[in-house]
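Peer 1: Fold the stuff below for me.
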Amino acid sequence: MKNLFTRKFVSFLTFFMVSCTAFAQKVESKEKLAPAVVIFMDFNKSLYAKSEGNAYFSEDPKAALVGMIVPKKYTDLMEEMKKDAADGVKNLQNGEFENAGQKYFFYSGNIIVEKTKEFFLEVILKETDADHCIVVTSMFQPKHKSIFEKEAKKAIISAQILN
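Peer 2: All right, here's what the predicted structure looks like:
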């Protein structure tokens, strides 16, 4: 049985990326909906010119950086993500690294979006408290890995919930 959370998560991200890039419209209104939880992330904001809440996008080359809170224990979410590869993810890798005493888990691979475009997907998580994790997802075309890869790691290492 495939990991339901992982499949839904990758499907959501794929749908989100496709809908934001394919159906984006210019909105003249200056009002924006604020996310329920604001996640501060330190990264090069000039790479991701558009933002919507805790999601940041670039137009050319296409890339996305999305932060979210997941109500699960770090160890439970990590084990869930390790269990099974999601459908459609190639070259799947996962592992853990540590920075300044904080543990981080990553999950990465390539996915096909819109039937022809290949994107590198990396999901990195860290514990915020005993029952929650911050999850930062980065998507970009593999040929632009040198530009966007370190920004995703910088974002998750700096990520914190703002009240």
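Peer 1: so the closest residue in space to Thr128 that isn't next to it in sequence bridges to which residues?
Peer 2: Closest residue to Thr128 apart from its sequence neighbours, by CB to CB, 6 or more residues apart in numbering: Ile134 at 5.4 Å. Backbone N, C-alpha and C define where each C-beta goes, glycine included. Counting by DSSP bridges, Ile134 is bridged to Ile69, Lys126.
Peer 1: Pop out the phi and psi values for the residue nearest the centre of the chain.
Peer 2: Nearest residue to the geometric centre of the chain (CA atoms, centre = their mean): Thr137, 0.9 Å. The phi/psi pair for Thr137 (degrees, to the nearest 10) reads phi -110, psi 130.
Peer 1: surely it meets Phe120?
Peer 2: No - assessed by CB atoms under 8 Å, Thr137 is found out of contact with Phe120, at 11.2 Å.
Peer 1: burial of Glu98, as a residue count?
Peer 2: Residues near Glu98, counting by other CB atoms under 10 Å, number 8.
Peer 1: Cross-check the contact I'm expecting between Val37 and Ala159.
Peer 2: No - contact between Val37 and Ala159 fails when scored by CB under 8 Å: they sit 11.4 Å apart.
Peer 1: Neighbour count: the two, which is higher?
Peer 2: Ala159 (22 against 15).
Peer 1: what residues are up against the more buried one?
Peer 2: 39-41, 67, 126, 134, 136 (CB atoms under 8 Å, 6 or more residues apart in numbering).
Peer 1: for Phe120, same thing?
Peer 2: 108-110, 138-142, 145.
Peer 1: likewise Val89?
Peer 2: Counted by CB under 8 Å, 6+ apart, Val89 has contacts 10, 109-111, 121.
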